[in-house]
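Novice: Have a look; sequence and predicted model below, questions after that.
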Amino acid sequence: MSLDKRWLSLSDVAELLGVHPSTVRNWADQGRIPMQRTQGGHRRFDRSQIELWIKSQRVDSTEHAEQLVQSALGNMRFHINEAHLEAEAWYGKLDKKARDGYRRGGRNLMQGLIRYLASDAEEGKSEAHSVGYHYATIGRRSGLSASEATQAFLFFRSALIEAMLNAYEEAAVQSPQAWRGMLRQINAFTDQVMLRLMQTYEAFEAGVA
């Protein structure tokens, strides 16, 4: 695709947006993206209009991201209820105090994500590391092995992802960029959390933490 090409074909737009051509066709026919038809009936797209449309979608997703995360808090409470936790082998090893700590950890994970999204790169990384340290210390005090503490964190990460997916579905977010951006941010945040969890466990085992 030529960079100075003004009129784009359906496949050109699909490449720009990172979606299947049939998706672009449906959006164009529904009037969701600007399109013109040639005399022969072919769909053509003005590059400048498409680029403006992409920017508007990114702005919309940024403005609503925090609102959607707040909405996801309620969804996450459903995914970390007692019945779901009781099915986890590591959870059966915990006393009441540790169980309460892990439930708070689930909320802290979501709240940490909110702060992560609102922070610059260094502050966001520090926030993720703080959450990871919290998970490691609870697991260590509860007598969980490193693998069990990791399983516990993965349970809460799955709950976080499910809650965010539900929030985006309920809000009828249709922009592929918004969905991809959300998943990228969650992965970046939770990867840093898990890295700090594992580093902290290694430090505990080495007797330096």
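Specialist: On my side now, so go ahead.
Novice: C-alpha from now on. contacts and neighbour counts both.
Specialist: Noted.
Novice: Can you spell out which helices and strands pack onto the lengthiest strand in the chain?
Specialist: Longest strand in the chain, counting residues (DSSP state E): strand 43-46. Counting contacts by 3 or more C-alpha pairs under 8 Å, 6 or more residues apart in numbering; DSSP states H and E, strand 43-46 packs against strand 7-8, helix 10-17, strand 36-37.
Novice: what comes up buried for stretch 20-32?
Specialist: Of the residues in stretch 20-32, those with enough neighbours to count as buried (16 or more other C-alpha atoms under 10 Å) are 21, 24, 25, 28.
Novice: JSON lines please, covering these and showing secondary structure and distance to residue 15.
Specialist: Conversion of the buried residues of stretch 20-32 to JSON lines gives the following (DSSP: H, G, I helix; E, B strand; the rest coil; distance: C-alpha to C-alpha, whole Å):
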{"residue": "21", "secondary structure": "helix", "distance to residue 15": "8"}
{"residue": "24", "secondary structure": "helix", "distance to residue 15": "10"}
{"residue": "25", "secondary structure": "helix", "distance to residue 15": "13"}
{"residue": "28", "secondary structure": "helix", "distance to residue 15": "15"}
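Novice: Adding distance to residue 169 and pLDDT, write those out as a markdown table.
Specialist: Rendered in a markdown table, the data for the buried residues of stretch 20-32 read as follows (distance: C-alpha to C-alpha, whole Å; pLDDT from 0 to 100):
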| residue | distance to residue 169 | pLDDT |
| --- | --- | --- |
| 21 | 22 | 86 |
| 24 | 20 | 87 |
| 25 | 22 | 88 |
| 28 | 21 | 86 |
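Novice: Which neighbours in the sheet does the longest strand of the chain have, and how are they oriented?
Specialist: Using DSSP bridges, strand 43-46 pairs in its sheet with strand 7-8 (antiparallel), strand 36-37 (antiparallel).
Novice: which residues of the protein fall in helices?
Specialist: Counting by DSSP state H, the segments of the chain that form helices are 10-17, 21-29, 47-79, 82-86, 96-117, 121-141, 146-170, 176-206.
Novice: Pick out the shakiest of those, pLDDT-wise.
Specialist: Out of the helices of the chain, the stretch the model trusts least by mean pLDDT is helix 47-79, with a mean of 67.
Novice: Need the contact partners of stretch 11-27.
Specialist: Counting by C-alpha atoms under 8 Å, 6 or more residues apart in numbering, stretch 11-27 makes contact with 1, 10, 33, 45, 50, 54, 176, 177, all of which sit outside it.
Novice: just to revisit the earlier point, among the helices and strands packed on strand 43-46, which comes closest to residue 198?
Specialist: For these, the distance to residue 198 is smallest for helix 10-17, at 36.6 Å, taking C-alpha to C-alpha.
Novice: Buried ones among the contacts of stretch 11-27?
Specialist: Burial by neighbour count, 16+ other C-alpha under 10 Å: within the contacts of stretch 11-27 this picks out 10, 33, 45, 50, 54, 177.
Novice: before we move on, the earlier item: I'd like the helices of the chain laid out as TSV, including distance to residue 41.
Specialist: As requested, those are exported to TSV (distance: least, C-alpha to C-alpha, whole Å):
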stretch	distance to residue 41
helix 10-17	12
helix 21-29	12
helix 47-79	19
helix 82-86	54
helix 96-117	44
helix 121-141	48
helix 146-170	34
helix 176-206	27
